[in-house]
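1. Sequence plus the predicted model coming up.
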Protein chains: 2
Amino acid sequence: MNRQELVNLIREKQSYLCVGLDSDIQKIPKHLLSHADPVFAFNKAIIDATKDLCVAYKINTAFYECMGIRGWETLQRTVEYIPSGIFTIADAKRGDIGNTATQYAKTFFDTYKFDAVTVAPYMGKDSVTPFLQFPEKWAIMLGLTSNEGSQDFQLQQMGDELLFEKVMKAGMEWGTPDNLMFVVGATQQSSQLAHIRKLVPDHFFLVPGIGAQGGSLQEISTQAMNKDCGLLVNASRAIIYAGNGEDFAADARQAAAQYQQEMAEYLSQIAVGI
Amino acid sequence: MNRQELVNLIREKQSYLCVGLDSDIQKIPKHLLSHADPVFAFNKAIIDATKDLCVAYKINTAFYECMGIRGWETLQRTVEYIPSGIFTIADAKRGDIGNTATQYAKTFFDTYKFDAVTVAPYMGKDSVTPFLQFPEKWAIMLGLTSNEGSQDFQLQQMGDELLFEKVMKAGMEWGTPDNLMFVVGATQQSSQLAHIRKLVPDHFFLVPGIGAQGGSLQEISTQAMNKDCGLLVNASRAIIYAGNGEDFAADARQAAAQYQQEMAEYLSQIAVGI
């Protein structure tokens, strides 16, 4: 999916919601365990219940990888089940040197047909650029993450800037607003969010951290939206585990609808593009 | 495998060679393509030919992941085929926040039974420590990598040290020489290698970059060995693609044997432990 299609999707659905399918067999409703593939049954119900409210699904590969080959089968079924026209993200945080990075890009773009994959920047340019060679596919590079450990290196001073700022500036040289997004956690202070948007005016941000992690949709939306919206705000647990009974999908829909309605309001406040 | 067992293995085999199974179906000998699982047939022959000469195998997961579910089946067959008593490394460079990091740790330690997994440090402490909770298992954290992109961030000044130095010092606080190693590329200058060993005296280093990438076994061995050896030196392409005909395994053995013989010589020069 290219940038214009994504922007159109956001306008049409009045939503920049990304539903995170961090689906854990330990946490899904017990009545699904009789299915041949319980996690797929869960994902299918969540997708059916939320597909008109979100513009993207993010699959956290760790939750599938830990189930071995069965888990990858579930992942493949899930990504194939997501309706075309919805943006798909493999949250895999891969990062390795050129030759290997190309294999990872092929994995997620060619083998599993995702639109985007998250990548880690520590190894530098030759670990990121191989992901930028695929037409209408996206690398989503870690910028400033939502966890406590972001203090350890990302928020440390490197010369006259912070490491995450250097990383995001480098990313802007390596990629374009048409093939590169950044992960920016919603758990930052609002002044920090506004500062990051000023630093990186045009690229989309994938924003984890609202809901269970405590970030505020209002803050991220008012501080970091750009004229094209420029945000994909992810909620995982707050949506997929909104309920745990027979009607879990209806509960998930309700949680997603609340986010979507709030998003429609923020979108109405920006003039251009959307 | 615990540290003492690894040190014993190095002493017994007079080797600190890690064979990297970066096995690419495009590059393996053509006559193997008739096998049901050509990459496994290749790995099996390489393992049979090198298992007495090396102390570790490193599986670069990207080369398996890109083949989808079949690739994971090959990976599982391969790791199961590696004789017990040889150290196994999943070179997966995973890195994500606590909850997700735990899922990755389970993936490689519980599901696939690897001894070690490589992890990326950008997200900080809570992305690394979940890997340190598994008895006799190892996290191998990226320190200073062997690629050109290591210049972009790792070798940049952060306060009064370089980022990779800060990362390695942080790792030493999070883990111990019994559960944490570091990736240190062999393509650095010898003064840099000696400096890193001084900074991190006790931890094992996993050293990629000799062979195809141009690093020197002599330099890394003379500059960065410690009293327990403290090195696992990886060669991938230089061994597994040493030949490309019917007798590729014999060629691989010959390449591995040359490394092992050189290693035995360096080991004879250290007095203690080995």
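-> Cool, the structure landed. Residues are numbered from 1 along each chain as shown, chains lettered A, B, ... in the order given.

2. and residue A:243, that's in a helix?
-> No - counting by DSSP: H, G, I helix; E, B strand; the rest coil, residue A:243 is not found in a helix; it is coil.

3. Output the residue of the stretch 151-274 of chain A whose distance to chain B is smallest.
-> residue A:152 (3.3 Å; CB to the nearest CB). Bear in mind the C-beta positions are built from the backbone N, C-alpha and C, glycine included.

4. Low-confidence ranges, the stretch 151-274 of chain A, go.
-> Along the stretch 151-274 of chain A, the model assigns pLDDT under 70 to residues A:271-274.

5. Going by residue numbers, what spans are helices in it?
-> A:163-174, A:190-199, A:217-224, A:237-240, A:248-268 (DSSP state H, counting those that start in this stretch).

6. Let me know which of those is tucked in deepest.
-> Ranked by average neighbour count under the criterion mean count of other CB atoms under 10 Å in any protein chain shown, the helices of the stretch 151-274 of chain A are headed by helix A:237-240 at a mean of 23.

7. how about it, does it reach chain B?
-> No - if you take CB under 8 Å from any CB of the partner chain as the test, helix A:237-240 misses chain B, and the best it gets is 9.2 Å.

8. got a list of contacts for that helix?
-> Outside helix A:237-240, the residues within contact range by CB atoms under 8 Å, 6 or more residues apart in numbering or on different chains are A:19-23, A:42, A:46, A:50, A:210-212, A:252, A:255-256, A:259.

9. Stretch A:73-80 too?
-> Stretch A:73-80 has contacts (CB under 8 Å, 6+ apart) with A:21, A:37, A:39-40, A:43-44, A:47, A:59, A:61, A:64, A:67, A:88, A:112-114, B:68-69.

10. again, only using 6 Å
-> Residues outside stretch A:73-80 that contact it (CB atoms under 6 Å, 6 or more residues apart in numbering or on different chains) are A:37, A:39-40, A:43, A:64, A:88, A:112, B:69.

11. Those: which two are farthest apart?
-> A:37 and A:88 (18.8 Å; CB to CB).

12. what's residue A:37 in contact with, if anything?
-> Counted by CB under 6 Å, 6+ apart, residue A:37 has contacts residue A:74.

13. Quick check: pLDDT value at it.
-> Among the per-residue scores, residue A:37 holds a pLDDT of 98.

14. mind listing what's buried in stretch A:26-38?
-> Going by neighbour count (16 or more other CB atoms under 10 Å in any protein chain shown), the buried part of stretch A:26-38 is A:28-29, A:32, A:37-38.

15. of these, closest to chain B?
-> Minimum distance to chain B across those is 13.2 Å, recorded for residue A:37 (CB to the nearest CB).

16. any idea how far that closest one lies from residue B:150?
-> Between residue A:37 and residue B:150 the distance is 42 Å, computed by CB to CB, to the nearest Å.

17. Quick one, which of the contacts of helix A:237-240 are buried?
-> A:19-23, A:42, A:46, A:50, A:210-212, A:252, A:255-256, A:259.

18. what's stretch A:98-110 in contact with?
-> A:90, A:94, A:114, A:117, A:126-127, A:130-131, A:134, A:137, B:60, B:62-63, B:65-66.

19. Pull out the buried positions in that stretch.
-> Buried residues in stretch A:98-110, counted by 16+ other CB under 10 Å: A:98-109.

20. mind giving me CSV with these and columns for secondary structure and pLDDT?
-> Formatted as CSV, those follow (DSSP: H, G, I helix; E, B strand; the rest coil; pLDDT from 0 to 100):
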residue, secondary structure, pLDDT
A:98, helix, 85
A:99, helix, 87
A:100, helix, 93
A:101, helix, 95
A:102, helix, 95
A:103, helix, 94
A:104, helix, 96
A:105, helix, 97
A:106, helix, 95
A:107, helix, 95
A:108, helix, 97
A:109, helix, 98
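
21. can you give me the helices for the stretch 1-150 of chain A?
-> Using DSSP H, counting those that start in this stretch, helices in the stretch 1-150 of chain A cover A:3-13, A:38-50, A:62-65, A:69-81, A:98-105, A:125-128.

22. Of these, which is nearest residue A:242?
-> Nearest of the helices of the stretch 1-150 of chain A to residue A:242, taken as CB to CB: helix A:38-50 at 9.8 Å.

23. Can you list the helices and strands that that closest one packs against?
-> helix A:69-81, helix A:248-268 (3 or more CB pairs under 6 Å, 6 or more residues apart in numbering or on different chains; DSSP states H and E).

24. Measure how the first one sits relative to helix B:98-105, angle-wise.
-> By that I understand helix A:69-81. Orientation check (axes from the mean of the first three to the mean of the last three CA atoms, to 10 degrees): helix A:69-81 against helix B:98-105 gives 120 degrees.
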